[in-house]
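Visitor: generate a structure from the sequence data that follows.
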Amino acid sequence: MKNRIYAPHWEDYELIDAGNGLKLERWGKYVTIRPEINAYFQPQLSKPEWERKAHFIFKEQKGVFGTWMNPKSLPLHWDIEFDGVKLGIFLKNTKHTGIFPEQNLNWKLIKESLNSEGKFLNLFGYTGASSMMALVQKADVIHVDSSKSALTWTKENAQINQFDGCKLVLEDVVLFMEREVKRAHKYDLIQMDPPAWGIGTKGKKWQLENHIDLLMSLAAQLLKPQGKLIVTTYSNKITPVTLKETAEIYFPTRSYRTGMLATKSTTGKALDHGSMLQIY
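Guide: This is a model prediction of the structure:
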């Protein structure tokens, strides 16, 4: 049996059902249908029930890219809220909404772990949900991503919350971490959510399995002695066992937990997302 770590339910997000390679989700008052590779099982609800509930349906064209069907001409951009923090949803030309809602388990840890004296490093920070959780605590936040659009979205999330003080860094994460080690900078909490694959700065190809050891080594050098580390991966080549083994190498004296980050749908389906490690 898998060691699943379930993300808790929250008011503005609901995984209603999943199956047949899709998931049915509610984001505030709107419901979407979009692809999900891990939903390989049968859904609980029928296809007509799904379609009656949905406001937006993603039609895949190539990979993550495609078109959102919007029959009622509803706005494609709206905000939801988690624990007093606003997060922008924006349906563009991919299946992604700008938020990985299962990360709320880590958002809670970030809020609980930081205060105005804390330093938070958000690596592969995407659209900044985790950074917002640190900013609401008035922590010192550095948000690193190699995507200009992701940094723009992070800036917009900060604006809707009237937050300031987030340092946005457009850079290759490994190069940034290596320079931070040379500068002898230390952090109270580091989060890494590296992509499974992609094209980095200067067209360099990225495959997580070739970098996970280096990432963990650099993180160990950047953490304060009792600092906390959160790692999530959505690569099927990086398992909870992989994260456990690297944690034991680079953090041999620290407590940790690792497992498969998952969500339980309202209909009772268990949907796996990826491997997770928390060092605390």
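Visitor: the bottom helix or strand of this structure by mean pLDDT?
Guide: strand 197-199 (a mean of 72; mean pLDDT, DSSP states H and E).
Visitor: and Lys2, how many neighbours?
Guide: 10 (other Cβ atoms under 10 Å). (Glycine included, C-beta is placed from N, CA and C.)
Visitor: list the beta-bridge partners for the closest residue to it other than its chain neighbours.
Guide: Closest residue to Lys2 apart from its sequence neighbours, by Cβ to Cβ, 6 or more residues apart in numbering: Met260 at 5.1 Å. Beta bridges link Met260 to Arg4, Ser275 when assigned by DSSP bridges.
Visitor: thought Met260 was touching Leu271?
Guide: No. Judged on Cβ atoms under 8 Å, Met260 makes no contact with Leu271 at a distance of 10.3 Å.
Visitor: more crowded one of the two?
Guide: Leu271 (22 against 18).
Visitor: and the pLDDT at the residue nearest to Lys2?
Guide: Note for Met260: predicted pLDDT of 98.
Visitor: again, but for the one 4 residues further on
Guide: Note for Lys264: predicted pLDDT of 98.
Visitor: ok, it touching Ala270?
Guide: Yes. Taking contacts as Cβ under 8 Å, Lys264 lies within contact range of Ala270: 5.7 Å.
Visitor: who does the longest helix anywhere in the chain touch, helix- and strand-wise?
Guide: The residue-count maximum for a helix in the chain (DSSP state H) belongs to helix 148-160. Judged by 3 or more Cβ pairs under 8 Å, 6 or more residues apart in numbering; DSSP states H and E, helix 148-160 is in contact with strand 85-90, helix 129-135, strand 140-145, strand 166-170.
Visitor: so can I have TSV of these showing mean pLDDT, mean neighbour count and distance to Ser255?
Guide: Compiled in TSV, the helices and strands packed on helix 148-160 are given as follows (pLDDT from 0 to 100; neighbours: other Cβ atoms under 10 Å; distance: least, Cβ to Cβ, whole Å):
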stretch	mean pLDDT	mean neighbour count	distance to Ser255
strand 85-90	98	20	27
helix 129-135	98	27	21
strand 140-145	98	24	25
strand 166-170	97	17	29
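Visitor: next, the contact list for the closest residue to Leu105 other than its chain neighbours, please.
Guide: Nearest residue to Leu105 in three dimensions, chain neighbours excluded: Ala7, at 4.5 Å (Cβ to Cβ, 6+ apart). By Cβ atoms under 8 Å, 6 or more residues apart in numbering, the contact set of Ala7 is 101-105, 261-263.
Visitor: and Ala7, how far from His185?
Guide: Counting by Cβ to Cβ, to the nearest Å, the gap from Ala7 to His185 is 31 Å.
Visitor: give me the phi and psi for Ile238.
Guide: Main-chain torsions, Ile238, degrees, to the nearest 10: phi -110, psi 110.
Visitor: let me see the ranges of the helices in the stretch 1-150 of the chain.
Guide: 47-53, 104-113, 129-135, 148-160 (DSSP state H, counting those that start in this stretch).
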